[in-house]
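Participant: fold the following and give me the result.
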Amino acid sequence: MGKYTVKINVNGDGTEATVIIGQAPDGNPEPLTKEDLQRAVDGARISFGLDSATLRALSAGPLLDTSIPIATGMPPVDGENGAAVFHVKKSDEFKPDYGGDDAKLVDYKNVDVFQIAEKGQALCEITPPTQGTDGTNVYGGAIPARPGRAAPDPRGANTVWSEDGKTLLADADGVVNFNGTTISISELLNIPGDVDLSTGNIRFGGDVIVKGSINEGFIVECGGNLTVKGKIGSADVSVKGNLIVADGVNGSRQKTITVGGYMRARYIENGTIKAEGDIFADYIIDSSVECRGNITLSGSKSVLVGGRTAVFGQLSANYMGNERGIKTRVELMRPPIDEEKLARLTEEREALNVELKANAENVSKLRHLMGQTDKPEVGLLHKQLMGQAPILREKLHLLDDEILRVKGEGVSDCPGSIVCRRILYSGVDIFAGSLMLQRDHSNLEHCKLCLDKGDWTVGLA
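Facilitator: So this is what the prediction gives:
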């Protein structure tokens, strides 16, 4: 008698083994035992995931010419891909939040039309990929897991990873640009048209370019340089850097333009300007201007008419005032008061006054005591205190002088000058601090005015 045939097959990735039992050649086989099956399994080197119950069942009554699973491996668990959770919206998805359906409750001037980030703000959280768990094949060997893929790197300009590498942070104040999978921060805010209801008020920590104009009633606060291709109407504008206005300023005196650097504009009309740096324009009309630098008026008009213009440096123009005698005030500014030093001097003066008062009281007490005793030490102490009084009064006098100097009450501290290259009309009042230039009602031509040791000097320009 012959034996049954036993054939073991293993699939390609080694995760399953099957057995096929065939009929004996003479058709009268010997009984198939579990040991026969085990020898076949051992010969095929199957060592993991063996199904002993199936082997016992097959030895009891073999199922012929059928592929029967007898061992199963453990498949690998692939790693999970990294993921990104964004805390900002894509540029084409960002819409202003108007705060509800009732438009009557919306302040359209203060709607955030641009998606702005502050330095250090979290832009994106990254979940790292996992490695996965290896599986085991029927031979007992490892089946490598496929590691997860990292999320696309969202890092763009002016962004930086946190110390743990999981959070993308803004590395500058600016506008969020998020297209595709990359986030960048632009330190330049580009307004394609006017600052109006379509943009709302602008508050931005970097540079701003307005391709149109800044319309009446709006607010622009710029932490860098501001460039306006049109004009500035009656608007509140604050610029920490430089201000360039291609057209000019048409203000209303109720709104103020504050500039931390220099300012360039074709003209300034009815404006209120406070500039730390120089001002360059063609003409200034009926405006209130304070400039810590120089004011240079040059161009086809080069004229200053009306209002009040105060300058720390040099004011130069072709014409100041006009033939109709429109009142125009020009001032040379005093140096800025050192508030910290003034506070310290004032505190010293108060302490010195207290000391002087105590000295006077002690002198009075000792004088009274001297009439009641003949002890020499009382007279000696009285003499010492009497000698201290004039020293204290001299110190007080010096402090008063120093406080006056710091306050800038001396007109000789005005370092600027006024240069009129053609005509300075009689309607122009010239001041240095509170000191007014005294002159008759005639015009001055080609003149330069300044202070020399507290007195006005008038020379040729």
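Participant: make it CA atoms for all contacts and neighbour counts henceforth
Facilitator: Noted.
Participant: make sure Ala44 is actually in contact with Ile8.
Facilitator: Yes. Ala44 is within contact range of Ile8, at 7.0 Å (criterion: Cα atoms under 8 Å).
Participant: give the residue from those two that has the larger number of neighbours.
Facilitator: Ile8 (19 against 15; other Cα atoms under 10 Å).
Participant: nearest spatial neighbour of that one, chain-adjacent residues omitted?
Facilitator: Setting aside the residues directly before and after it, Ile8 is nearest to Val19 in space (Cα to Cα, 6 or more residues apart in numbering), at 4.4 Å.
Participant: number of nearby residues for that neighbour?
Facilitator: 23.
Participant: that one: which element?
Facilitator: Val19 is part of strand 16-22, with elements assigned from DSSP states H and E.
Participant: mind giving me the packing neighbours of that strand?
Facilitator: If contacts are counted by 3 or more Cα pairs under 8 Å, 6 or more residues apart in numbering; DSSP states H and E, strand 16-22 sits against strand 5-10, strand 67-72.
Participant: now those as CSV including distance to Val85 and mean pLDDT?
Facilitator: As requested, these are exported to CSV (distance: least, Cα to Cα, whole Å; pLDDT from 0 to 100):
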stretch, distance to Val85, mean pLDDT
strand 5-10, 43, 89
strand 67-72, 39, 92
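Participant: so of those strands, which one's packed in deepest?
Facilitator: Burial of the helices and strands packed on strand 16-22 is given as mean neighbour count (mean count of other Cα atoms under 10 Å); strand 67-72 ranks first at a mean of 20.
Participant: what angle do it and strand 5-10 make?
Facilitator: Using axes from the mean of the first three to the mean of the last three Cα atoms, to 10 degrees, one finds that strand 67-72 and strand 5-10 are set 60 degrees apart in direction.
Participant: okay, now the sheet partners of the following helix or strand past strand 67-72, with direction.
Facilitator: Later in the chain than strand 67-72, the nearest helix or strand by DSSP H and E is strand 77-78. According to DSSP bridges, strand 77-78 forms sheet pairs with strand 132-133 (antiparallel).
Participant: and the next helix or strand past the partner strand?
Facilitator: strand 135-136.
Participant: elements contacting that following strand?
Facilitator: By 3+ Cα pairs under 8 Å, 6+ apart, strand 135-136 packs against strand 142-143.
Participant: so for the residue nearest to Ile8, what's the pLDDT?
Facilitator: pLDDT, Val19: 91.
Participant: what of Pro25?
Facilitator: 69.
Participant: got the CA positions of stretch 303-315 in PDB?
Facilitator: Extracted C-alpha coordinates of stretch 303-315, given in PDB (Å, rounded to 0.1, in the frame of the first residue of the first chain):
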ATOM      1  CA  VAL A 303       5.400 128.100  -0.900                       C
ATOM      2  CA  LEU A 304       4.200 128.100   2.700                       C
ATOM      3  CA  VAL A 305       0.900 130.000   3.400                       C
ATOM      4  CA  GLY A 306      -1.400 130.100   6.400                       C
ATOM      5  CA  GLY A 307      -1.500 127.900   9.500                       C
ATOM      6  CA  ARG A 308       1.300 127.200  11.900                       C
ATOM      7  CA  THR A 309       4.600 125.500  11.000                       C
ATOM      8  CA  ALA A 310       7.100 124.600  13.700                       C
ATOM      9  CA  VAL A 311      10.500 123.200  12.800                       C
ATOM     10  CA  PHE A 312      13.500 122.100  14.900                       C
ATOM     11  CA  GLY A 313      15.900 122.200  12.000                       C
ATOM     12  CA  GLN A 314      15.800 124.400   8.900                       C
ATOM     13  CA  LEU A 315      12.700 125.600   7.100                       C
END
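Participant: mean confidence (pLDDT) on it, please.
Facilitator: On average, stretch 303-315 scores 97.
Participant: which residues sit against that stretch?
Facilitator: 282-297, 317-322, 326-335, 414-419 (Cα atoms under 8 Å, 6 or more residues apart in numbering).
Participant: which element is Ala57 on?
Facilitator: Per DSSP H and E: helix 52-60 holds Ala57.
Participant: and for that helix, what's in contact with it?
Facilitator: 32-34, 37-38, 70.
Participant: please check the residues you listed and keep the buried ones.
Facilitator: Buried by 16 or more other Cα atoms under 10 Å: 32, 34, 37, 70, out of the contacts of helix 52-60.
Participant: tell me how many other residues crowd the closest residue to Gly427 other than its chain neighbours.
Facilitator: In this structure, Gly427 finds its nearest non-sequential neighbour in Gly325, 4.5 Å apart by Cα to Cα, 6+ apart. If you count neighbours by other Cα under 10 Å, Gly325 ends up with 13.
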